[in-house]
Every structure is written in structure tokens, then in C-alpha cells.
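[1] fold the following.
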Amino acid sequence: MRIAFIGQQEFGKQVLEAFLSRGDEVAGVFCEPEKAGAKADVLREAAQARGLTVYQFSSLRSAYAEHAMRELDADIGVMAYVTQFAPQSFVNIPRLGTIQFHPSLLPRHRGPSSISWPISQGATETGITIFRPTDGLDEGPVILQKSCPIGPDETLGEVYFNKLFPMGVAGLLEAADLVAAGRHEERVQDESQATYEGWFHEQEAQVHWHQHVDQVYNLIRACNPAPGAWTVLNGAKTWIYARSRRSSSTRKAAASRCCA
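    Take a look at the predicted model:
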């Protein structure tokens, strides 16, 4: 396959290398420009080290981005962790269209923090979805889904790096092969089951000690390693990384005594 690759960071890098290692041709790589002072994007560095053409457009809606995509003459577009909006006029250019990775079982948990939210809500299952990107937020037809359990003590980092990350790499390879062979099916998402959540930022990571210990513990797991669950203890902001419900209960009792 001749691939137009759109992505960023470590996940994008690993997906890129997986396609290249099995002999696929990557015609070009689209990466979001790094902000001033930010760390270099490891996907960009890996692509340039391999001599691949790299584009860093501030917007994929521009005529320049569409022209670059057309010039690649790609069979398929692959989106591996993309935070830029990619319009239909861009993703529909490759001959077989584009496929996109999302780390949840769509239509549940649409949005940018789709790993944290189910953990914080006490979900026992999550997974990955490979779908067709549309102009809606994670709303396109589903090509492939894989599920996995969320253990009662698993953290955001453990669920992502041990489960969703490798599943996502393998899922994009599998979905691309299905599309290329014309053996894929596209299932429209059930809008009655859809949920949307925004970013899981510092405000969402604050511990509210009046909640049930399970809610507190799930929040702590959902924020580990980032953004980190936090509370104010003796006037100082304190981050919490509990490893069991019992440790959460102990902290809750300590905070109650401190604030009484």
C-alpha cells in the first residue's frame, strides 16, 4: 500500500514503523507543528530520519494541505493520534479514503480524553475503534473494534500502554488490510448510545472527598500518571497516586480529620 500518514507522538511513531517494517510505502507524513519550547515530535524525527517527506501545516483545512495530499497519490490515509481537525475534503483524497484510530468503543466516549473518562466512571471494559473520519467528532462509520477489560486497580497509564496502545497499532494494520482487500464492512454508529466528554484536565482531576471511596479511587486511577489527581492538604496542593481502595480510604479519613 502507498500510505499518506497523519499522526504525532509515540503512538504515531510506532504505527508508522509497523507499516514500514512490513514493507508498505509511506508517501508522506503529516504532523502538527510543535509549539515554541515544546519537545520535538518523535514521529516527525523518526519520519525525517527515514528520509520521508514531512508536512507540518498549522491547519489541515488549508488549500496547501489538500494540494500536498493530492500530490502524494496515496492508496489510503492512516490517522494515528491526530488532534488537528481533518476535513472531509482532505481525508477523502486517497484512493481508498482514510481510516482513524480512537481509544474507546465508539460511540461511547467520543472526545479527546476517551481513556480517562471510562476509568473515572468505574467502567470494567474499554477498547479501540478504527473508523472512517467525518466532519463530526468521532462519528464516522466503524470498520473494526477490539475490546479489553479494565482491571479494578489498573491506572490510565497501564490501560493505555499495556492494552490500548498495542491493540491500536495492530488494529490499524488489520483495518488497512481489510480496506485494501475490499473485505471490510462499515457500520454506522448508534447515536442513541453516543457519549461525549471533553479534555480531562486539572480541574476534572480534583478529588472531592465527599464522594464515595470508589469514585475517589476511580478518579485517582484515571489521572495516573497525568494530569494527576490532587487535593489541598494543610494549604498545599498535593497529588495522590493510590494503589488500592484501602489507601484511598486512608487518605480520605486523613483529609477528613485534617479539615474537621
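[2] every contact and neighbour count from this point should use C-alpha atoms.
    OK.
[3] so what's residue 122 closest to, chain neighbours aside?
    In this structure, residue 122 finds its nearest non-sequential neighbour in residue 218, 6.0 Å apart by C-alpha to C-alpha, 6 or more residues apart in numbering.
[4] ok, now which ones touch the one you found?
    119-122 (C-alpha atoms under 8 Å, 6 or more residues apart in numbering).
[5] which of those has the most neighbours?
    Counting neighbours by other C-alpha atoms under 10 Å, the top entry in the contacts of residue 218 is residue 119, with 28 neighbours.
[6] you'd agree it is up against residue 223?
    No - using C-alpha atoms under 8 Å, residue 119 is not in contact with residue 223, being 9.0 Å away.
[7] mutual contacts of those two, please.
    Residues touching both residue 119 and residue 223 by C-alpha under 8 Å, 6+ apart: 155-156.
[8] can you give me the strands for this protein?
    In the chain, the segments counted as strands under DSSP state E are 2-7, 25-31, 54-55, 76-80, 98-102, 125-131, 142-149, 229-233, 236-240.
[9] let me have those strands in a markdown table, extended by distance to residue 64.
    Converted to a markdown table, those look like this (distance: least, C-alpha to C-alpha, whole Å):
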| stretch | distance to residue 64 |
| --- | --- |
| strand 2-7 | 15 |
| strand 25-31 | 12 |
| strand 54-55 | 10 |
| strand 76-80 | 17 |
| strand 98-102 | 18 |
| strand 125-131 | 25 |
| strand 142-149 | 29 |
| strand 229-233 | 42 |
| strand 236-240 | 44 |
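[10] run the chain-centre distance for the longest helix seen in the chain.
    Counting by DSSP state H, the longest helix found in the chain is helix 165-181. Its chain's average C-alpha position is 15 Å from that of helix 165-181, according to C-alpha atoms, centre = their mean, to the nearest Å.
[11] same check, this time on stretch 181-200
    Distance, stretch centre to chain centre, for stretch 181-200: 14 Å (C-alpha atoms, centre = their mean).
[12] alpha carbons only: can I get it in CSV?
    C-alpha atoms of stretch 181-200 as CSV (Å, rounded to 0.1, in the frame of the first residue of the first chain):
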residue,chain,number,x,y,z
ALA,A,181,-8.6,-6.0,0.0
GLY,A,182,-12.2,-4.8,-0.2
ARG,A,183,-13.2,-7.1,2.7
HIS,A,184,-14.2,-4.5,5.2
GLU,A,185,-17.7,-3.6,6.5
GLU,A,186,-18.7,-0.1,7.6
ARG,A,187,-21.1,0.0,10.5
VAL,A,188,-23.0,3.3,11.2
GLN,A,189,-22.6,4.3,14.9
ASP,A,190,-25.7,4.1,17.0
GLU,A,191,-26.3,7.7,18.0
SER,A,192,-28.6,6.7,20.8
GLN,A,193,-25.6,5.2,22.6
ALA,A,194,-23.2,8.1,22.0
THR,A,195,-21.5,9.9,24.8
TYR,A,196,-19.2,12.9,24.6
GLU,A,197,-16.6,14.2,27.0
GLY,A,198,-14.1,17.0,26.8
TRP,A,199,-10.5,17.1,28.0
PHE,A,200,-9.7,15.5,31.4
